[in-house]
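> When you get a sec, could you give me coordinates for this:
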Amino acid sequence: MKKSRSEVPAFGEEIARIRTQRGWSRSTLIKKLYRVLNDGDDNTDKDYSEAWLSRLENGEIVKISRHIVVGLVHALQCDPREHARLLLLADKNILFGMDTLATGVVEVFNYQMMTIYEKAAGFLVDLIANRRVSALQDDELREIFLTALEMVVNECRAAERPDEGRASSR
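You can find the predicted model right below:
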């Protein structure tokens with residue numbers, strides 16, 4: 001079942017939006033995808049075609065490998081925010097495969113992001129309100145995130161030291 005326009009777009013819909021924004025046809029994107037996947041060779045007689053891309057963009061393909069997701073990100077020449085959004089919509093971990101990060105570092109980031117999400121999601125919804133995240137400037141996004149992070153840190157510190165809160169209220 002296709003999502004309503006008021007919900008977060010599906011991965012394929014976002015691919016279509018970015019492709020259209022670039023002014024590219026499906027054929028152009030497929031050729032670029034093959035160049036990325038085949039290190040410069042744009043041989044398009046393989047598994048991915050305009051028909052495949054059409055099915056993807058229309059939500060008829062629900063499972064897609066990380067390799068192809070990343071290939072599409074590179075073929076579309078996505079900026080970092082588009083890259084992160086596409087990985088999110090494809091339900092892929094943005095930190096997966098970062099060779100410069102140790103597994104422990106990735107685990108720390110994932111755990112802390114989960115904690116921030118659990119404790120601050122409602123607060124972030126209020127801060128973002130009805131604005132499109134893609135319309136916000138990077139400095140505004142950082143400020144929103146840092147405000148939420150500060151709130152979570154203070155909440156966690158207070159929970160770790162319950163006696164201090166009672167002692168100061170006497």
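
> can you tell me how far residue 47 sits from residue 88?
According to C-beta to C-beta, to the nearest Å, residue 47 and residue 88 sit 25 Å apart. Just so you know, the C-beta spots here come from the backbone N, C-alpha and C atoms, and that holds for glycine as well.

> More neighbours: which of these two?
When residue 47 and residue 88 are compared on other C-beta atoms under 10 Å, the one with more neighbours turns out to be residue 88, at 14 against 9.

> Check what pLDDT that one gets.
pLDDT, the model's per-residue confidence, is 80 for residue 88.

> element containing it, please.
Secondary-structure element containing residue 88, defined by DSSP states H and E: helix 80-89.

> Can you name the residues in contact with that helix?
Contacts to helix 80-89, defined as C-beta atoms under 8 Å, 6 or more residues apart in numbering, come from residues 8-11, 14-15, 18, 69, 72-73, 76, 78, 93-94, 134.

> Give the buried residues for the helix of greatest length in the chain.
For the chain, the helix with the greatest residue count under DSSP state H is helix 103-128. Residues of helix 103-128 classed as buried: 106, 116, 119, 120 (neighbour count, 16 or more other C-beta atoms under 10 Å).

> Please apply the same query to stretch 31-41.
By neighbour count, and taking 16+ other C-beta under 10 Å as the criterion, the buried residues in stretch 31-41 are 31, 32, 33, 34, 35, 36, 37.

> can you give me the mean pLDDT across that stretch?
Confidence for stretch 31-41, expressed as mean pLDDT, is 84.

> quick one: the helices in the chain?
Taking DSSP H as the criterion, the chain carries its helices at 11-22, 26-37, 50-57, 66-75, 80-89, 103-128, 138-160, 162-168.

> Which of those comes out lowest on mean pLDDT?
Note on the helices of the chain: helix 162-168 shows the lowest mean pLDDT, a mean of 57.

> ok, residues contacting stretch 23-30?
The set of residues that contact stretch 23-30 without belonging to it, under C-beta under 8 Å, 6+ apart, is 19, 32, 44, 48-50, 52-54, 57, 72, 75-76.

> ok, and the most crowded of these?
Of all the contacts of stretch 23-30, the most densely surrounded is residue 72 (27 neighbours; neighbours counted as other C-beta under 10 Å).
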